[in-house]
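Novice: Sequence first, predicted model second:
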Amino acid sequence: MSPDPDSTDPGTGGPDARVEAGRALARAAAERDARRAALDSAEAEYATRHAAALSAGWTAAELTKIGLGEPTVRTGTRRARRRRPPAPPGGERTSPRG
């Protein structure tokens, strides 16, 4: 028998604990997203200022020597690989090609 998610049994924490855990997770996700956006903005500003410094006569080597290296290049988010559906009972896969 599986536990009832609305159970008030102290061992499971009950529905109030479940709701609060969900709210806490949502708050953490919002904070993470805000910080990620702030980081993206800061990296874009750094890249702009770095390019301006190069245009003003600094070399990449000089900037790196004083601790102002190349801007971070972000390629975006990683995408999950497409997964194959589970094998049918018997362990044999069927192919649409026959």
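Specialist: Happy to help now that I have it.
Novice: Remind me what the lengthiest helix in the chain packs against, helices and strands.
Specialist: Ranked by residue count, the top helix of the chain under DSSP state H comes out as helix 14-55. In terms of contacts (3 or more C-beta pairs under 8 Å, 6 or more residues apart in numbering; DSSP states H and E), helix 14-55 is packed against helix 60-65. Placement of C-beta: from N, CA and C, glycine included.
Novice: hmm, who's touching the helix it packs on?
Specialist: 50, 53-54, 69-70 (C-beta atoms under 8 Å, 6 or more residues apart in numbering).
Novice: Now do that helix, average pLDDT.
Specialist: What helix 60-65 shows for mean pLDDT is 97.
Novice: And that helix, how far out from the chain middle?
Specialist: 31 Å (C-alpha atoms, centre = their mean, to the nearest Å).
Novice: ok so, going back, only whichever of the contacts of helix 60-65 are buried, select them in PyMOL.
Specialist: In PyMOL syntax, the buried subset of the contacts of helix 60-65 is picked out as below (16 or more other C-beta atoms under 10 Å):
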select buried, resi 50
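Novice: any weak-confidence spans in this structure?
Specialist: Residue ranges of the chain with pLDDT under 70: 1-12, 75-80, 91-98.
Novice: Just give me the neighbour total for residue 71.
Specialist: With neighbours defined by other C-beta atoms under 10 Å, the count for residue 71 comes to 15.
Novice: Let me know whether it touches residue 52 as I believe.
Specialist: No. With contact defined as C-beta atoms under 8 Å, residue 71 does not reach residue 52; the gap is 11.6 Å.
Novice: Show me what counts as buried in stretch 45-65.
Specialist: Applying 16+ other C-beta under 10 Å to stretch 45-65 flags residue 50 as buried.
Novice: now the end-to-end length of that stretch.
Specialist: 20 Å (C-alpha to C-alpha, to the nearest Å).
Novice: what distance separates that stretch from the centre of its chain?
Specialist: 29 Å.
Novice: how about the nearest residue to residue 50 once chain neighbours are set aside, phi and psi?
Specialist: Of all residues not flanking residue 50 in the chain, residue 71 sits nearest, at 5.1 Å (C-beta to C-beta, 6 or more residues apart in numbering). As for residue 71, its main-chain torsions (degrees, to the nearest 10) stand at phi -60, psi 150.
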